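[1] Got a predicted structure plus its sequence, pasted below:
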Amino acid sequence: MKVTVDLDPKDVWRIQDRAEREGITPGQALRNELAPRRTTLEYRDRVRARVLAGLCDADIATELNRTPGEIARVRRGEGLPANPRYRNRKATA
């Protein structure tokens, strides 16, 4: 498949330079650069969806095999509040 993109000349030069240094095509250099961004965005979306579903950081961390601190960092970066561990738990007197 052939895709045409409109890039800033600085980006074109950077991609071409990287491709020459690594001995790959400019398309491969561009794909290598975009792949980590995509996985980061997908990861943020997964965390966001789980926070909005009411899960706490510890439960999300268990599901995604990450640390609760990392989940909290992503959640804060997205501007989302923390969810309590047990929402439906009633206080006992």
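    Now that the structure is in, tell me what you want to look at. Numbering: from 1, shown residues only.
[2] Give the other helices and strands that the worst-scoring helix or strand of the chain on mean pLDDT contacts.
    Ranked by mean pLDDT, DSSP states H and E, the weakest helix or strand in the chain is helix 26-52, scoring a mean of 87. Secondary-structure packing of helix 26-52 (3 or more CB pairs under 8 Å, 6 or more residues apart in numbering; DSSP states H and E): helix 9-22, helix 57-64, helix 68-77. To be clear about C-beta, it is placed using only N, CA and C from the backbone, and glycine gets the same treatment.
[3] Just tell me which of these ends up closest to Q28.
    Closest to Q28 of these is helix 9-22 (CB to CB; 7.0 Å).
[4] Report all helices and strands that the closest one contacts.
    Helix 9-22 sits against helix 26-52, with contacts defined as 3+ CB pairs under 8 Å, 6+ apart.
[5] Just give me how far the helix it packs on sits from the chain centre.
    Distance, stretch centre to chain centre, for helix 26-52: 5 Å (CA atoms, centre = their mean, to the nearest Å).
[6] now do stretch 42-58
    12 Å.
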